[in-house]
Every structure is written in C-alpha cells, then in structure tokens.
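Q: Dropping the sequence and predicted coords here.
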Amino acid sequence: MKTGISKTILLAAALVFVGASAQAQGVLRIGMTATDIPLTHGSPDNGFEGFRFSGYTMYDALVNWDLSKADAPSVIKPGLALSWAVDPSDTTKWTFKIRPGVKFHDGSTFDAAAVVWNFDKLLNKEAPQFDPRQASLVGFRISSVASYKAIDAETLEIKTKAPDSFLPYQLSFILMASPAQFEAVGRDWAKFAAQPAGTGPFKLDKLVPHERAVLVPFKDYWDKTRVAKLDRLELLPMPEANTRTAALLSGQVDFIEAPPPDTIPRLKSSGMQITSNPYPHVWPYHLSRLPDSPWNDVRVRKAANLAVDREGIKQLLGGYAVPAAGHVLPGSTWFGKPTFEVKYDVAAAKKLMAEAGYGPSKRIKAKILISASGSGQMQPLPMNEFIQESLKEIGIDIEFEVVDFTTLTNRWRAGAKADQNAGITGLNYSYAIVDPFNALVRFIKSDLHAPNGVNWGFYSDPDMDALVAKAQNTFDAATQNEVLGQIHAKMVNDALFIWVVHDVAPRAMTAKVKGFVQPRNWFLDLTSVSVQ
Amino acid sequence: MLTYLIRRVLYAVPIALGVTLLVFTLLHLAPGDPVNAVAGPDAPAEVVEQLRRAYGFDRPLPMQYLLFLWRILGGDLGVSVATGRPVAGELAQAFSNTLVLALGAALVGFVAGVALGGVAGRHKGTAIDHLATVVSLIGVSVPHYWLGMVMVIVLAVEANLLPAMGMGSGGLELLRHAVLPVLTMAVIPTGIVARSVRAAVGETLEREFVQALRAKGLGRGAVLRHVVRNVSPTIVAVLGLQLGYLLGGSILIETVFSWPGTGFLLNEAIFKRDLPVLQGIILMLALFFVLLNLLVDVAQAALDPRMRRA
C-alpha cells in the first residue's frame, strides 16, 4: 500500500514537471536584458533592444534594414516605401512612392496619409496624436524635416530644412502605427501600446507589463518572403545576466541576449548554440576638447590610442570583441584610408608622449566618467581598470568617477562644458554607429555642441565641417560612402577618440532554434526562425 | 480599548502626512532628472523641455507637492513617466505578485522560526539550543540573493526540478515558480523570528510567576499556555515588522528570480528615474508600515491589557 501511494505521488510529480516542460512546436521564448517589455506603440524605449524586439517585429518603417545576411554589413532597403528619389533641381525635396496593398494588423489600409499622420505624432504639436514622449524617443531622427504632405494615396513628399542625404537612414527609425487603431482605443497611446497595430510580420497577442509579451505571426504580412514561421514569439524581461543564463539552462527560455562571457563555456558544454557577429557598436573614450583638457595635443591622443592592449581586453571578454582600429568597424564601407594605424605599440606611444613634453617627471592627470553597467557598456569596470593600467605605463594617470548609467547618459547629453562635468576630461560611453549621422556626424559637427547635440567634447574643425556638409549634399550612394570614408580617415588621423573595442553581441540559444541569422546589426529578423 | 484605538488612528494621520512630504522631498533632492532619463539619449534640449512641461515637472516644487497630495487624496497616483500606464494599476499588479511571495515566506518563516526558537528557548544552554542558534544565525547572516542563486543552480539548472525564474502562467505553475523565491525570502524572517522567540521564551521561563505556577503543581501544558500568552506580544511585534519587510518586496530576490513584484518595479523605477512610480511605491510601502504598526499595536493591546494604559 505504502509503495502504491509513493508511486502515485511520484507519477503526479512527474506529470507536473513533464507538463511544464512540454512546449508547443514553434514557440520561441527570448530572455531580454531589458527590465520591462520595451514600449509597444511604435516608438520603443530601451534603446536598440527596444527596436529589436518591440519595434521591427511589429512595425515597419518607410525604409527597412536588410537583416538577412551575416557575412556583410546590413544595408537599408525599401520597406513601406517602394522607392524614393530626391529632386535634382532642389535637393531638399524628396518623393517617396508608397507600397500599395499594405494592411495594418487591425485591417485598416496603410497609405501616404498614414505616413503624414505618423509624422504628425512626432512633429506636429497641434495634432491629437502628438505624443511628447514619442517625440523625445525618435522625433529627433527627423529633425531635418521641414514639411511633408501626401500628394496622393501612393505618393509622399518630404521637404528638409537643408539638403540631407542621410534622410532615408533616419526614416528607418520612424515606425508606422495605425491611425484607425489609435481612434479605436480612444486616442490614448497607453491603450494603443496595450493593443497596438503596426504593419510588421508579428502582431501583439498579449502584453503583461514587466512579465511577458506574446507575439504571433501576422499572416497578411505584405512581404511574403518574411512571413513569420514561429507559432508564437514570447519576450521576457530578465535584466539579471545570471538569471537569463539559468533560465536558458533550465529550459524556461530558448534564446537569451548577452550571456556573461564567463558562462559561455558552461552553455556550450550543455549543447547551447552561441552566435556572435561584429555589429555597428564602438566602445571608446569620448574626449573633452575644452581649453583646459589634457587631450588637446594630437600626440597625446595618438599615444593613448597606441597604449591600449586591445587583444588583452578581447581576452578579458572571453574573445567576444573586435579590437577597434577606428570609430567604425574595420572593413566598414565608411572606414576610408587613414594613415594613422590604431594598434598596440607602447614604444611608439612613449615616444609621442616625450615629443609632447611629457615624461616620468611630468605626467598627465585625467578624470574619466564611467558607469558600472549599462546598455552597450559591456564589462565597464574591468575594462576601464585594464585601460587605466595601460595608460599609466605611458605617463597618463586616469582617475575614474563611477556613476550609474542614467546619470552617465544625462551628463553625456549635458556636454563637457556643463557644471556637472567640471573636471571631467572624457567619458566612456559606447555608441551605436548604425547610420552616417549617428556613426560619425553627431560627434564631430561643430553646430552639434550641447545642448544642440551630442558633440560632447566641443570638438570643432572647419575642415571637418566642410567634409560633413559635402557628405550631406552627396546623394549618390557610392560617392557618399567615399566622403564618409574621408571623414572617418580624418577622425582616425586626428585620433579624436580613444577607441578600444567593438562588441560582437554574443547570444545563446538551444539546439532546437533553427534558421537564426545574426546580422552585422543591432536589429534582428526573427521571421526566419523556427523551433523544432 | 476604543479610545486607545482612536488615539492610535489619529497618531497615524500626521505620520502619513510626514511620509508624503519626506517621500516627495527626498525623491526630488536625489540626483537624476526624470525627464532626461526617459527621453531618447539623443533628444534635443527643446524636446526634453517640451516633455518636462507635458509631465508638469516645470512647476515649482511646492506646487508639485500640493498637486501630488491633492491627487493621492482622490486616489490618483498619476501615470508612469516611462510607460504612460497609471501608477495605481502598476502598483496593484506588482503588489499582488509580491503578496504571493510575502505570504508564502511569512508562513514558512513564522512556522520555522517559532518552532526553532521555541525549542531552543525551552532547552536553553543545551546542544539543541546551540544548533538552533547556529541555524538561525546563518539564516540572518547569509546573503539571500546569493542563496537564491545557489538554489537556482542546484534545483533549477542541475536537477531541473523547479523553474529558475518568472511566475509561470498561473495556477499550479505559479506555485512551482514560487517555491524557490519563497524559500529564499523566508530565510531572514526564520532567523529573526527564531532568535526573538528563543530570547522571549527563555526569559519568560525564568520568571518568578512560572516558578510559582510550577510550585502550584500546574501541568506542563498549562504552564506552557501561560508562557505563550506572555511571549505572544513580543512575537506579534516581530512578526508584524517582518511581514512589513516581506510585503515591501525584495529588490534582490525579485531581480534574481525575475519576479515582477514591487521590488522589481522599484528597481526599474529607480533606474528610469520614474518619479511617479517611485513616489507611488515608496508611499504605499510607508503607509503600509504605518498601518501594520497600528495593527500590531492593536493586537498587542488586545493580548496584553497593560499596554492599553501606555
């Protein structure tokens, strides 16, 4: 009798556990690093992780990213716009041909008027759909736009304040939400976020704030090559890296973002797939160029760049990094042909320091603002300590001020001149360098000093400004890339930053996840993924 | 008893008001601008200012405080700066999630703590007492987030018996998901309750009235009943305080287990400088303590008539 009871208990227990671990085919559960589900109304928060999971899954922009290749940098391609062209006689005037036959998730039709409506939500304060929060999250990306109008249902005209050849890139961040759905939920963005309607390959099925978002395929998606294969996509916020790893190892999720480098061998030994690929990210020291900054001598900046052992840092990161040779990735179309080679050469660094008048008796003291963690910051504390040791060797004594990531962001935005940054000669803030403006221009254009932009260090060089103007006025893609290459070469030759590494975005997933391509981008295309 | 009750309730009013002022002032004194934190990192100053006006953060602080007070009187805690969702709804959801952990941990902690402390107090100075003391000392001293991680590694990752994180999808699933965080959370109250009970029981057993009761020839059970009656006000006070802490949620435990309770929400709100959510949580927790203290005082007064005169 006793054995019978124990057997029943065992059986019941087994059933509970089996029931819990059995999963329907084709469900992908992702452990994200965000603390909450990124905003689902079409202007995601949580940086590019938000765009990755709450943005491009449920929405499209006029211009989309081609995320299908792992072996080449991602490029932009037609999304909800079929094509676009700039007027050769007036390069501030753009015409976009709108893709016909596209439906929103709520069944309403997408057309040029819907684009105007979406621009209004960010730029027109009088419009009922205007949302200051969304304007603050993405509106600045189209700050060069002066006016826009629908010529007919399939034609949109945009005028920029000045010629801006980067406009198509910027439009890739303006996601199209359904005007009809906004009306249906009573003109309330918070309600829209709970029942959103975009045009993307997935639509929201269920949202439990702080806990999970369940997305299902949108069967009427316009791009038949990108109809989602999964039955369901679940997004789970798991800010704690060890929790994500444990969740993957115990079978609660199938895919995690950013496993800590030291857990990767353990994950591999459990049969997990680890993917990684360089992507447009850079981990630098952004230097102050105010009159009292020690970084105003190009020899000192070059010496600092030569003193950093990037291979050592790569090793520290378990091999998951690419040593930087400049601001953009080596091999990028915008890399250009700099003459200064960013590498590890302590002897050359010491020689440059001596030429600049520094030596054992005259050392440089510099205070750098860093964070203990944060999006894109990788492993900031050990990495910064490593650099501190490297620079000490050539006579640069770095002192750190460690703040939390939000404070770092605020002080970055405030610019080097702000009172709160008094005494700070540089900061360690990693950058998404996806499009020309965000990769290069925003840091070097002299009219983008705080509060107008994030040229944090108040760098200013008329030659650089002329190059930037030339790039913004060049509408032929190949020529534009050439000019951007010249800009980058100048940045490297003038050693404007201390460049350290590029991240490679390690991800871990179970062997059951098939068809995943990790592009050289911040964003992912999850439509090709299945779980078998 | 009624006058006592009314007096205690009246005392709670200025305390609650003081709490609102303190919460508001401290949060506004703390570094970090809520608007800067939620705006996109590249948002230009003009857009940030526009957002500041939209949320009313451009008004003078005393005005903001009065508005805040006026709104909470009407039960409106405002909307989250980060998500646009009403704070009251966010709080209700998070609190109900924390309640699962807190009540579970309280139950485990109180039962284990009272048993451990009771046995130790009854057998003071013996090996059982030493053992119980060591166990309760470990309970109080061990960092519970570390213990949580160890339990996850052993029971979820290696043995694959229980889920490592999250809440599951309700019902039996919820119970399975709650086991590890509840056990982790129960460790501290177990230790604290055990120590308090041990001290109270040991001390009471040595008091003259117990000797008198024994001398009178009362049986073990009857003596125990008197001891329990004398010890209970202390225990109730400790339990109340512990329950308060548990209901506050644990940032560490809820983060380790990705449990979307008040601690998880608080952590998120701190990082996002989401002032309305922060104000809401802290205010609710503070008022909860005020209420809990009131209940404990009333319970103690009910248990011990001497206290009503205090």
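A: Here it is on my side, so go on.
Q: got a list of what the nearest residue to residue B:193 once chain neighbours are set aside touches?
A: Computed as CB to CB, 6 or more residues apart in numbering or on different chains, the closest residue to residue B:193 that is not its neighbour in sequence is residue B:113, at 2.7 Å. (Each C-beta comes from the backbone N, C-alpha and C, glycine too.) For residue B:113, the contact set (CB atoms under 8 Å, 6 or more residues apart in numbering or on different chains) comprises B:136, B:189, B:190, B:191, B:192, B:193, B:194, B:196, B:197.
Q: could you redo the last one with a cut-off of 7 Å?
A: By CB atoms under 7 Å, 6 or more residues apart in numbering or on different chains, residue B:113 lies in contact with B:189, B:190, B:193, B:194, B:197.
Q: How about residue B:300?
A: With contact set as CB under 7 Å, 6+ apart, residue B:300 has these partners: B:233, B:236, B:237, B:307.
Q: In the helix or strand that contains residue B:210, which of the residues would be classed as buried?
A: In this assignment (DSSP states H and E), residue B:210 forms part of helix B:208-215. Buried positions in helix B:208-215, judged by neighbour count with 16 or more other CB atoms under 10 Å in any protein chain shown: B:210, B:213.
Q: which outside residues touch it?
A: Counting by CB under 7 Å, 6+ apart, residues outside helix B:208-215 touching it are B:204, B:223, B:226, B:227.
Q: Redo the residues you listed as CSV? Include distance to residue A:175, neighbour count and secondary structure.
A: Below are these laid out as CSV (distance: CB to CB, whole Å; neighbours: other CB atoms under 10 Å in any protein chain shown; DSSP: H, G, I helix; E, B strand; the rest coil):
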residue, distance to residue A:175, neighbour count, secondary structure
B:204, 68, 18, helix
B:223, 74, 17, helix
B:226, 72, 15, helix
B:227, 69, 21, helix
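Q: Show me where the chain dips below the pLDDT cut-off.
A: In the absence of a named chain, chain A is used. By pLDDT under 70, the low-scoring segments of chain A are A:1-25.
Q: Not quite, go with chain B.
A: In chain B, residues with pLDDT under 70: B:31-32, B:249, B:308-310.
Q: Closest to the centroid, which residue in it?
A: By CA atoms, centre = their mean, the mean C-alpha position of chain B lies nearest to residue B:245, the distance being 2.1 Å.
Q: which helices and strands does the helix or strand hosting that residue pack with?
A: Residue B:245 is part of helix B:220-247, with elements assigned from DSSP H and E. Applying 3 or more CB pairs under 7 Å, 6 or more residues apart in numbering or on different chains; DSSP states H and E, one finds that helix B:220-247 contacts helix B:87-122, helix B:172-205, helix B:208-215, helix B:275-303.
Q: Give me the angle between the first one and helix B:275-303.
A: Right, the one you point to is helix B:87-122. Between the axes of helix B:87-122 and helix B:275-303, defined by axes from the mean of the first three to the mean of the last three CA atoms, to 10 degrees, the angle is 40 degrees.
Q: State the three-state secondary structure for the residue of the stretch 351-500 of chain A found nearest chain B.
A: Nearest residue of the stretch 351-500 of chain A to chain B, counting by CB to the nearest CB: residue A:451, 3.6 Å away. Following DSSP: H, G, I helix; E, B strand; the rest coil, residue A:451 is assigned to coil.
Q: circling back: any chance of the contacts of helix B:208-215 in JSON lines, plus distance to residue B:272?
A: JSON lines is the format used below for the contacts of helix B:208-215 (distance: CB to CB, whole Å):
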{"residue": "B:204", "distance to residue B:272": "50"}
{"residue": "B:223", "distance to residue B:272": "57"}
{"residue": "B:226", "distance to residue B:272": "54"}
{"residue": "B:227", "distance to residue B:272": "51"}
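Q: For the residues you listed, name the two members farthest from one another.
A: B:204 and B:223 (10.3 Å; CB to CB).
Q: Share the number of residues neighbouring the closest residue to residue A:294 other than its chain neighbours, please.
A: Nearest residue to residue A:294 in three dimensions, chain neighbours excluded: residue A:364, at 4.8 Å (CB to CB, 6+ apart). A count of nearby residues for residue A:364, using other CB atoms under 10 Å in any protein chain shown, gives 20.
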